[in-house]
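> Sharing a model prediction with you, sequence too.
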Amino acid sequence: MWGALKHMPDERKGINVASVLAVRGLTIGMPDSPPIVDKVDLDLRPGCITCLVGESGSGKSLTALSLMRLLPPGIGLQADMLELDGEDLRELDDARMNVIRGDRMAMVFQEPMTALNPVMTVGEQITEALRVHKGMDQASADIAALDMFRQVQIPAAETRLNAYPHQLSGGMRQRVMIAIALVCRPSVLIADEPTTALDVTIQSQILRLIDALRVELGMAVLLITHNLSLVAEIADEVVVMYAGRIVERAPRDALFGDPMHPYTLALFAAMPRADGRGHPLATIGGQVPSHGERLSGCRFAARCPFAEARCMETYPTLREIRQGHWISCWRAPLEDHVS
Amino acid sequence: MTHLLVVDGLSKTYTSGGGLFSRLKTARVVSNVSFKLARGDVFALVGESGSGKTTIGRMLLGLIDPDAGSIRFDDIDVLALDAAGLRRLRRRVQIIFQDPFGSLDPRVTVGQAIAEPIILHGLRPAGEVQARVSELLALVGLETAHAERYPHEFSGGQRQRIAIARALAVEPELIVCDEPVSALDLSIQAQVINLLTELRAKLGVSYVFISHDMAVVRHIATHIGVLYGGRLVETGPSETVLGDPRHPYTRMLLAATPSPVPGSMRSREPVIGEPPSPFDDSAHCWFASRCSHRTSVCMEGEPLLRQVDPSLRLAACHHAETLPTATPFDDGEDRMTAAYRLRLDILRKARSPDIPQQTSSGSAHG
Ligand SMILES: Nc1ncnc2c1ncn2[C@@H]1O[C@H](COP(=O)(O)OP(=O)(O)O)[C@@H](O)[C@H]1O
Ligand SMILES: Nc1ncnc2c1ncn2[C@@H]1O[C@H](COP(=O)(O)OP(=O)(O)O)[C@@H](O)[C@H]1O
Ligand code: SF4
Ligand code: SF4
Ligand SMILES: [Mg+2]
Ligand SMILES: [Mg+2]
């Protein structure tokens, strides 16, 4: 589709050791048009939460869907590597992929109604997953389902199993979807803005739940959000995406303690904070370029106050500036260039 | 000081059922809500979904009739207004919704949408309407050329600014903002909040600002009302309510708000339970089932909103005075690392080289 993709330099392969889902050079797009998501690398490790952040339109949802091989029709993917526990997901047929989805990899969406079947009770939906993927009989599936509903703290779990999705509140539906996603004990959970539409109180409950379950189940989690505070609370690793590319990738404490990329900094500056009252919030100005209007240089250049000639000309390849801290910016760290 | 808006004892119930097989059920959606807003102030209504925020907002505009209570806007009894009176009120009070898609007609150009209220209320002679539309577009940071386009040609943040321009067309004194930034990206959210703040400074617009984002509320509000199950459980000046909350529910909301200080979640009290059902008519504290400070007193009578300390704040909790002190919102930049502050400082300087630093922490220099 877009010609041969370059392979990652060898030293990157070391990161791969412990990851359950390894992604290299993931590129997503439509035929004969510039890629929407461009050469993304991810490593999801057991028991770890990787947060993917960035403004709307940066390609977070497509990235998530592509990992599940659920891209919308007309949109395709290429990758140098897309491996679940060593199994190459790129060439699997639909039958095999269906076995993996819901069993070893599960996904949670922002709007649970898109994933739940409105004419089946939530109990029927969760036991179906167990019967299909785990070959359980109805009786053992019922027991496991009830247990899972309790684990995600659905009050009055027995009666709720008989409810239809529309009879539940938004927060409860989200818990049901998480229960269905987790009931087969997947090794990878992909959650696309699972709490964006919910109250902070419910958000906090659901995040604690995901946080606890990833430890308990040793699950690797990819959590997509545009809420940086939420990332600070829960992430182990953070990947910042801008216009289809990774601009910064670091362990949580390094990203918050030693942020490097001008885009990451601009996001931090736009947050309303305790000591910013009475001052205007910093805005970024301009917009994320759509995949049709991207220049050859740094994609953030049009909005970056540090942009210089080479930024417009050449894309700054992702480089490891500190151990485990990757950055795609010619001028980072900024203090080396600014008096 | 005379207040621009005085809301007193506002209540709203809905009844449902009552058919052959079901008992008539009464949902108490808003109960006895009172607050005042001075000209130029921002009163934030916060609370979980279903707490009655939108219902109150719509009652303020005469879009929903309350069962009881009064609303006075600039000493006009809003509830006594006839259709012509309500139309006149719309020139002075406007509403902006969360979803800018829903509030703009897709078949009407942005220019026509903004011109409509100007023409309807006869605010400008026909020959000056276009100029006024351009002026309003400029005010919200858009261009005259945008008037020819349709809503779908704009991003979410731009559409929200168009909705604001339309609300401003009548030069309102009060704007009810119902979750105006909840659906927006951080940087767009910042633009819209800055715009609202600027209009307040420039034109003296007042706001009733409905939100469930405590960080945004802290930034913009002068006063806060915390709603729980349709009741105000705490209200007062923003710094007082957020700096030393005296109702356990206010504290729960703050504790649930993520802060950008890494790893702070695990150290905070977890949220338990669910919001109350509006059908619950028991006479104890409605927050009791979720409250870690509950005692037997709390089950005996519903706590009334009252003064609990020398400040202007009111709280509806039997134990408001004796709650331990809390430090819920711990997210100042001074909590961040030196490297973080240094880089943000470099960013600020690069953006506006001539303006001195605005950080209150400031220690990034040394
Ligand atoms: N089904 C689709 N067909 C064509 N383009 C799409 C489709 N879905 C998303 N896109 C484009 O891909 C880009 C990234 O979208 P998305 O992954 O949804 O971003 P995010 O989740 O970060 O907001 C957007 O600019 C959008 O226009
Ligand atoms: N027209 C209506 N009929 C019955 N119940 C309603 C109606 N409108 C709102 N409610 C109920 O009133 C409560 C408060 O709703 P709302 O004011 O929209 O709350 P918020 O804006 O805080 O989420 C909710 O329980 C809602 O279900
Ligand atoms: S490469 Fe240049 S334009 Fe891009 S973020 Fe860095 S300084 Fe800014
Ligand atoms: S009155 Fe009692 S139960 Fe209600 S909020 Fe106060 S301490 Fe908690
Ligand atoms: Mg998305
Ligand atoms: Mg509402």
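Perfect, thanks for sending it. Ligands and ions are numbered 1, 2, ... in the order given.
> contacts and neighbour counts: CA atoms only from here.
Noted.
> what's near enough to touch residue 37?
No chain was given, so I picked chain A. The contact partners of residue A:37, by CA atoms under 8 Å, 6 or more residues apart in numbering or on different chains, come to A:26, A:27, A:28, A:29, A:58, A:59, A:62, A:63, A:243, A:244, A:245.
> hm, I was asking about chain B
Shown in contact with residue B:37 (CA under 8 Å, 6+ apart): B:3, B:4, B:5, B:6, B:43.
> can the contacts of residue A:37 go into TSV with extra columns for secondary structure and neighbour count?
Compiled in TSV, these are given as follows (DSSP: H, G, I helix; E, B strand; the rest coil; neighbours: other CA atoms under 10 Å in any protein chain shown):
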residue	secondary structure	neighbour count
A:26	strand	22
A:27	strand	23
A:28	strand	24
A:29	strand	21
A:58	coil	23
A:59	coil	21
A:62	helix	23
A:63	helix	25
A:243	coil	24
A:244	coil	26
A:245	strand	24
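> Out of those, which is nearest to residue B:89?
residue A:58 (42.7 Å; CA to CA).
> Can you pull the phi/psi pair for the spatially closest residue to that closest one that is not a sequence neighbour?
Nearest-residue entry for residue A:58: residue A:243, 4.4 Å, with adjacent residues in sequence omitted and distances by CA to CA, 6 or more residues apart in numbering or on different chains. Dihedral angles of residue A:243 (phi, psi; degrees, to the nearest 10) stand at phi 50, psi 50.
> Repeat that for residue B:237.
Dihedral angles of residue B:237 (phi, psi; degrees, to the nearest 10) stand at phi -60, psi 140.
> what residues are up against the closest residue to chain B within the stretch 1-150 of chain A?
Proximity of the stretch 1-150 of chain A to chain B (CA to the nearest CA) peaks at residue A:55, 6.0 Å away. The neighbourhood of residue A:55, defined by CA under 8 Å, 6+ apart, consists of A:226, A:242, A:288, B:185, B:186.
> I'd guess it is in a strand, am I close?
No. Counting by DSSP: H, G, I helix; E, B strand; the rest coil, residue A:55 is not part of a strand but coil.
> what pLDDT does it get?
The per-residue pLDDT reported for residue A:55 equals 88.
> go on, residue B:101?
On the pLDDT scale, residue B:101 is placed at 67.
> Mind pulling the model confidence for residue B:281?
Listed pLDDT for residue B:281 reads 79.
> what's around it, how many residues?
11 (other CA atoms under 10 Å in any protein chain shown).
> how about it, secondary structure?
For residue B:281, the assignment made with three-state DSSP gives coil.
> Ok, the one 3 residues further on next?
Of the three states, residue B:284 takes coil under three-state DSSP.
> Give me the neighbour count for residue A:189.
By other CA under 10 Å, neighbour count at residue A:189 equals 25.
> any idea which element it lies in?
If you go by DSSP states H and E, residue A:189 is part of strand A:188-192.
> Who are the packing partners of that strand?
Helices and strands touching strand A:188-192, by 3 or more CA pairs under 8 Å, 6 or more residues apart in numbering or on different chains; DSSP states H and E, are helix A:60-67, strand A:105-108, strand A:220-224.
> Quick one: mean pLDDT for whichever helix or strand comes after it?
As assigned by DSSP H and E, the chain's next helix or strand after strand A:188-192 is helix A:200-217. What helix A:200-217 shows for mean pLDDT is 87.
> For the closest residue to residue A:217 other than its chain neighbours, grab phi and psi.
Among residues not flanking residue A:217 along the chain, residue A:185 sits closest, at 6.8 Å (CA to CA, 6+ apart). Per-residue torsions, residue A:185: phi 50, psi 60 (degrees, to the nearest 10).
> remind me which residues of the chain are low pLDDT?
Using chain A. Low-confidence segments of chain A (pLDDT under 70): A:1-17, A:294-295, A:338-339.
> that's the wrong chain, I wanted chain B
By pLDDT under 70, the low-scoring segments of chain B are B:1, B:18-21, B:100-101, B:265-267, B:327-328, B:353-366.
> For it, which segments count as helices?
B:53-60, B:83-90, B:100-103, B:110-120, B:129-139, B:156-168, B:186-203, B:214-220, B:238-243, B:248-256, B:296-300, B:338-351 (DSSP state H).
> relative orientation of the second one and helix B:156-168 in degrees?
So the one you mean is helix B:83-90. Counting by axes from the mean of the first three to the mean of the last three CA atoms, to 10 degrees, helix B:83-90 lies at 130 degrees to helix B:156-168.
> what distance separates helix B:83-90 from the middle of the whole chain?
Between the centre of helix B:83-90 and the centre of its chain there are 24 Å (CA atoms, centre = their mean, to the nearest Å).
> List the buried residues of it.
The neighbour-count check on helix B:83-90 (16 or more other CA atoms under 10 Å in any protein chain shown) flags B:86, B:89, B:90 as buried.
> Can you add distance to residue B:333 and give those back as JSON lines?
JSON lines is the format used below for these (distance: CA to CA, whole Å):
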{"residue": "B:86", "distance to residue B:333": "46"}
{"residue": "B:89", "distance to residue B:333": "43"}
{"residue": "B:90", "distance to residue B:333": "42"}
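> For ligand 1, state which of those is nearest.
In terms of CA to the nearest ligand atom, no member of these lies closer to ligand 1 than residue B:90, at 36.1 Å.
> hmm, back to that, from the contacts of residue A:55, pick the one nearest residue B:293.
Using CA to CA, residue A:226 is the member of the contacts of residue A:55 that lies nearest residue B:293, at 34.2 Å.
> Tell me how many other residues crowd the closest one.
Count around residue A:226 with other CA under 10 Å applied: 22.
> how about it, what does it touch?
A:53, A:54, A:55, A:56, A:193, B:185, B:186 are the contacts of residue A:226 under CA under 8 Å, 6+ apart.
> and residue 26, what are its bridge partners?
Let's take chain A. residue A:40 (DSSP bridges).
> wait, I meant chain B there
Assessed by DSSP bridges, residue B:26 has beta-bridge partners residue B:15.
> My understanding was that it contacts residue B:13; is that so?
Yes. Counting by CA atoms under 8 Å, residue B:13 is a contact partner of residue B:26 at 6.5 Å.
> give me every residue that touches residue 34.
Going with chain A. Neighbour list for residue A:34: A:291, A:292 [criterion: CA under 8 Å, 6+ apart].
> wait, I meant chain B there
Counting by CA under 8 Å, 6+ apart, residue B:34 makes contact with B:6, B:7, B:8, B:9, B:10, B:232.
> which ones among the residues you listed are found in strands?
Using DSSP state E, the subset of the contacts of residue B:34 located in strands is B:6, B:7, B:8, B:9, B:10, B:232.
> Compare those and tell me which is most surrounded.
residue B:232 leads the ones in strands among the contacts of residue B:34 on contacts (other CA under 10 Å) with 27 neighbours.
> what sits against that one?
Neighbour list for residue B:232: B:33, B:34, B:225, B:226, B:305, B:316 [criterion: CA under 8 Å, 6+ apart].
> redo that, cut-off 7 Å
The contact partners of residue B:232, taken as CA atoms under 7 Å, 6 or more residues apart in numbering or on different chains, are B:33, B:225, B:226.
> how close does it get to residue A:34?
Using CA to CA, to the nearest Å, residue B:232 is found at 53 Å from residue A:34.
> The most centrally placed residue in chain A bridge partners, please.
Closest residue to the average C-alpha location of chain A: residue A:224 at 3.7 Å, with CA atoms, centre = their mean. With DSSP bridges applied, residue A:224 shows beta-bridge pairing to residue A:52, residue A:192.
> Much appreciated, bye for now.
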